[in-house]
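1. I need the structure of the sequence given here:
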Amino acid sequence: MVRHDYTIVNVNKRNRGQWNRERFCVPQITRSLKVIIMKKILTIQDISCLGKCSLTVALPLISAMGVETVILPTAVLSTHTMFKGFTCKDLSDQIEPIAAHWKKENVHFDAIYTGYLGSFEQLNLMHKLIGTFRGVKRRMDLHLNTKKLSYIDDYAHHPDELRTAISSMRDIFPGRKLTAVFQPHLYTRTRDFAAGFAQALSGVDKLILLDIYPAREEPIPGVSSELIFKDVTAPEKVLLRKEELMDYLAQEPLDVLITFGAG
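-> Predicted coordinates:
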């Protein structure tokens with residue numbers, strides 16, 4: 001089982017010689033499963049083109065910790081506010097459109113970190129945004145676990161993520177038959193990583209491979225799920241269209257079912 005609890009942690013930041021309070025919104029996650037995916041933090045604050053503060057500092061530091069860092073700038077300043085005559089471009093009107101695009105792309109965060117917010121409007125926008133993206137979803141989510149059937153859903157859509165997830169499943173469910181459903185994400189990713197996908201997905205007992213989820217992309221001639229399917233060496237494999245999946249599963253004897261992909 002996965003429990004999502006949020007705690008607020010106070011940190012400090014120097015600004016005009018004063019110490020201001022900032023907030024981290026961090027999900028404390030209790031898991032019985034391995035943590036297998038690189039953590040992803042959204043950091044929301046202004047960015048100074050010159051000066052050791054805000055996103056200018058946060059981005060390299062968090063990235064150096066091995067965490068994927070996603071930024072949402074609230075404003076762009078010419079310099080840190082210690083300098084006189086600095087310019088400032090407020091980006092409040094961009095916050096909701098950016099967040100809407102992320103939701104469309106099914107983006108989720110392991111933590112949300114807010115720095116300096118310049119107005120009550122931005123505070124209200126952050127309250128709404130944190131509620132929208134709250135919680136870690138589709139990371140080894142265990143939806144059903146009985147002696148006869150287990151079902152896990154996972155966002156993995158890169159060969160390395162898939163390889164690690166499948167290895168973890170072997171440890172969690174020793175001796176059981178792993179059936180994986182995978183929908184490739186993007187034509188370009190399928191084209192570029194077909195061999196890696198095939199190698200990683202060969203680690204399951206049965207693969208059900210679906211047609212590509214294109215998201216924002218147009219089809220590329222010659223690129224289809226067949227590029228992956230032909231090189232998979234799993235004991236059993238089948239290639240289906242997405243609309244065929246539910247009827248197929250209804251007739252399939254399942255033990256451990258895992259659905260992978262960003263779609």
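2. Please report phi then psi for the one residue sitting closest to the centre of the chain.
-> In the chain, the C-alpha nearest the mean C-alpha coordinate belongs to residue 108, at 4.7 Å (C-alpha atoms, centre = their mean). Here is the backbone geometry of residue 108 (degrees, to the nearest 10): phi -130, psi 160.
3. ok, it touching residue 133?
-> Yes. Under the criterion of C-beta atoms under 8 Å, residue 108 makes contact with residue 133 at 6.5 Å. For the C-beta atoms, the positions are set from N, CA and C on the backbone; glycine is no exception.
4. before we move on, the earlier item: confidence score at the residue nearest to the centre of the chain?
-> On pLDDT, residue 108 comes in at 77.
5. now swap in residue 263 and tell me
-> 65.
6. cool, and residue 175?
-> The model's pLDDT for residue 175 equals 93.
7. Counting neighbours, what do you get for the closest residue to residue 69 other than its chain neighbours?
-> Nearest non-adjacent residue to residue 69, counting by C-beta to C-beta, 6 or more residues apart in numbering: residue 62, 4.5 Å away. By the measure other C-beta atoms under 10 Å, the count of residues near residue 62 is 20.
8. I'd guessed residue 62 sits against residue 41; true?
-> Yes. Between residue 62 and residue 41 there is a contact under C-beta under 8 Å: 5.8 Å.
9. Give the residues shared as contacts by the two.
-> residue 69 (C-beta atoms under 8 Å, 6 or more residues apart in numbering).
10. So which residues of this structure form strands?
-> 3-15, 18-30, 40-48, 68-77, 88-90, 111-114, 141-145, 150-154, 178-182, 206-209, 236-239, 256-260 (DSSP state E).
11. Where does pLDDT dip in the stretch 151-263 of the chain?
-> Regions of the stretch 151-263 of the chain meeting the criterion pLDDT under 70 cover residues 263.
12. distance of the closest residue to residue 167 other than its chain neighbours from residue 47?
-> Excluding the flanking residues, the one nearest residue 167 by C-beta to C-beta, 6+ apart is residue 203, at 7.1 Å. Distance, residue 203 to residue 47, using C-beta to C-beta, to the nearest Å: 42 Å.
13. re earlier: can you get me a residue count around the residue nearest to residue 167?
-> Other residues close to residue 203 by other C-beta under 10 Å number 19.
14. Residue 63 touches residue 71, doesn't it?
-> No. Contact criterion C-beta under 8 Å: residue 63 and residue 71 do not qualify, at 10.4 Å.
15. so who does the residue nearest to residue 238 when sequence neighbours are not counted touch?
-> If the residues on either side of it in the chain are set aside, residue 238 comes closest to residue 208, at 5.4 Å by C-beta to C-beta, 6+ apart. Residues near residue 208 by C-beta under 8 Å, 6+ apart: 179, 180, 181, 182, 237, 238, 240, 245, 248, 249.
16. before we move on, what about residue 72?
-> Residue 72 neighbours (C-beta under 8 Å, 6+ apart): 42, 43, 44, 95, 98, 99, 129.
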